[in-house]
Structures are given as structure tokens and as C-alpha cells.
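>>> have a look at this prediction, sequence included:
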Amino acid sequence: MTDTRRRRSALRAATAAILLALAAGGCGAEPEPSIFADKKKVRIGAKSDQPGTSRERHAGDFDGLDIAVARELLDRVGAEPPIFNGIISKNRAPALRDGDVDLVVATFSITAQRMLPVKEGGEGLDFVGPYASTQQGMLVRAADLERYHTLDDLNGRLVCVWKGTTSADELRKPSYSAIRLREEDDAGFCVNALKAGEVDAVSTDQLILYGFMEAEPALAVVPGIAFGATNDYGVALAKGHRKDCERLRDALRKYVVSNEWDRDVQNNLPQLPLERRNEARPTEIEIDAASCRDRPANAAVK
């Protein structure tokens, strides 16, 4: 055998050894766990006291826009029908990180801080969304509606918000210091306080408020008050399931441009004005910018 042939033979042998080693190493790598594996039912954390967006009518029987979105997306990725569990706002991120639920679909706003990995000071969540967007508003007793036209009309008034929400954070800003706040654990407590005359208004996202307006004829959304940054609702899951996240993202892109999205918003939030509905509909570009990332690609996500 010539020297040239020996060198070529040695090179082929070395290359084969490297490829074999790489293949062996790849076989030992842990595959990313999937929340859709083994035909199990996905556990979803959802609000139990927000008519129109997410409400538990009977034990385990939920309805609302969040519920319709969750069912539609899971159906589009071929997953089994989910199991819904009630969850309050402040427990949404911990329930995902602790493995108590697989997804949270609970009017959960996408924020940069929630997207960051825990080791970087974030909440360690991935989001699929937005599936709807909304500013904040005010819900008052219908009999008092004519008193309120702008935010200045709430100065000195007592407004109820609930813990763990972007709305509560917004109204704590110095620019709203003339508004007095009462903080409760979740939406139902605030709405009951409003009906009982204990507070003057309830503030949170407008989509949520229009749901309460439909369910409670004695209450009304102030039409001229929309304030704060836009809240973008996302389906949340703990980091470590990026492939699942991307499957849901691809399903959402198709869903938001379909007639099914219009149907689900209209069926669950019939009081929502057409202008607000058009504002709530996300674009595919917005979905790509906020979905399945450690940091948003869109600077508008704070």
C-alpha cells in the first residue's frame, strides 16, 4: 500500500471513529419532556371567577374566552381534551414552576420579567401569544355611570384591584396617586365589594370588565376610560418545553386569523364593542415577537 493510500485509510478510520463517538453521545442525551406525551390529559390553570374570560360554572366545568382558546389550540396540536383547575392570579407562575399544572390560560399578561429565566431574576416562563390584547378600564355601578367620564373623576374614590396583576401595578404609579386603592386576592372579591357599595369602582383589563358587565346587569364599564400599557394575554408554560411551545405558537398563528377566533370572542364577550374587539386581535408578527422566547423581540413587551 502506498503512503497516500495509508494516509487516506487512516483519515477515513479517524472520521468514522469521530462520527461513532458523536452518535453514541447523542443517544445518551435526555430528550426534552413533552406535556403532550403518552396521551395524558393536559392540566390547565384557569380563573374560576371571571365570567366571559374564565369561570367555573360547576366543579371542573369551565367556560369563557380563555377556555375556548385553550381547547382550540390543544385540538389543533392533536392533544387530548384538557383538565381545568381553578387558580388565582398570584399563584399562576408558582403553579407552573412547581409542576402543579402544565399550562396556565388565565388572562395572564406577557411581560419581559415573566419571560426571563429564574437564574436571571425572572419567573422562568415561556408564553404562546398574545391571543388577545387589551388596555385597562373601570367598572362601576350602572346607576353611577354618568359620574365618570375620565380618570380624573376617580380622584379620591376607592378603586378595587387584585394581587399579582399588571393592573394593580399600574395604579400604584405616582401618576394615579389621587386614586385610593383596595387590594383583594382576586376578581370575585372586588366585584362583590362594588355591588355592596364598599368601593366605587373595580379596575382591571377591559376584556375582563366587559365579561363582568355581561354577567352583572347592575354594573357597567366606563366607555371613555382606557389607560395604561396594552396587556397581551398569553398561554404560559414553564421553561423546558420549547418544542411544545412552538407547536402551540404555530397553532395560534392560524387560529387568530380564522373565523373561529371571531366566533369565540363574540360568544364569550358579547358586550365588547366592535372597536375594542378589533384592537384585541393580535397579528402573526406580534405572536412571533412574544412567543417561546427568553426575551421579547418586540420592545413594546415590558
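In hand now; what should we look at?
>>> quick one, what contacts L145?
By C-beta atoms under 8 Å, 6 or more residues apart in numbering, L145 lies in contact with 220, 222. All C-beta spots, glycine's among them, are computed from the backbone N, C-alpha and C.
>>> and it, how far is that from L272?
17 Å (C-beta to C-beta, to the nearest Å).
>>> could you do G121 as well?
G121 is 36 Å from L272, by C-beta to C-beta.
>>> which one's more surrounded, those two?
L272 (24 against 9; other C-beta atoms under 10 Å).
>>> right, and the more buried one touches D264 too?
No - judged on C-beta atoms under 8 Å, L272 makes no contact with D264 at a distance of 11.7 Å.
>>> nearest spatial neighbour of G156, chain-adjacent residues omitted?
A178 (6.4 Å; C-beta to C-beta, 6 or more residues apart in numbering).
>>> would it be right to say that the one you found lies in a helix?
No - applying DSSP: H, G, I helix; E, B strand; the rest coil, one finds A178 to be coil, outside a helix.
>>> so what's the residue count around it?
Using other C-beta under 10 Å, A178 has 11 neighbouring residues.
>>> so what's it up against?
By C-beta under 8 Å, 6+ apart, the neighbours of A178 are 154-156.
>>> and it, what pLDDT?
With respect to pLDDT, A178 has a value of 96.
>>> same check on E246?
At E246, pLDDT is 97.
>>> got the contact list for D205?
Contacts of D205 by C-beta under 8 Å, 6+ apart are 107, 109, 134-137, 167, 231.
>>> drop anything exposed from these.
Buried members of the contacts of D205, counted by 16 or more other C-beta atoms under 10 Å: 107, 109, 134-137, 167, 231.
>>> got these as a markdown table, with secondary structure columns?
Below are those laid out as a markdown table (three-state DSSP):
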| residue | secondary structure |
| --- | --- |
| T107 | coil |
| S109 | strand |
| T134 | strand |
| Q135 | strand |
| Q136 | strand |
| G137 | strand |
| S167 | helix |
| N231 | strand |
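>>> mind jotting down where the helices sit in the stretch 101-250 of the chain?
Applying DSSP state H, counting those that start in this stretch to the stretch 101-250 of the chain gives helices spanning 112-115, 166-171, 187-195, 206-215, 242-256.
>>> among those helices, show the one with the smallest mean pLDDT.
Among those, helix 166-171 scores lowest, with a mean of 84.
>>> report the central residue of the protein.
Nearest to the geometric centre of the chain sits G234, at 2.7 Å (C-alpha atoms, centre = their mean).
>>> wait, isn't that residue in contact with A132?
No - if you go by C-beta under 8 Å, G234 and A132 don't touch, sitting 9.5 Å apart.
>>> any quick ChimeraX command for the buried ones out of the contacts of A178?
Remark: buried members of the contacts of A178, expressed as a ChimeraX selection using 16+ other C-beta under 10 Å:
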select :154
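>>> from the contacts of A178, which ones fall inside strands?
Among these, no residue falls in strands (DSSP state E).
>>> R253: which of the contacts of A178 is nearest?
L154 (38.4 Å; C-beta to C-beta).
>>> now that closest one: closest residue in space, sequence neighbours ignored.
Distance criterion C-beta to C-beta, 6+ apart; nearest residue to L154, sequence neighbours excluded, is I179 at 5.1 Å.
>>> before we move on, what about V265?
Per C-beta to C-beta, 6+ apart, closest to V265 is R277, 5.7 Å.
>>> verify the contact between the one you found and D264 for me.
No - checked against C-beta under 8 Å, the pair R277 and D264 is beyond contact range at 11.1 Å.
>>> next, the residue nearest to L154: phi, psi?
With angles defined as degrees, to the nearest 10, I179 sits at phi -90, psi 130.
>>> and it, how far from Y210?
Taking C-beta to C-beta, one finds I179 at 21 Å from Y210.
>>> sorry, back to before: which among the contacts of A178 gets closest to L116?
Among the contacts of A178, L154 lies closest to L116 (C-beta to C-beta), at 33.2 Å.
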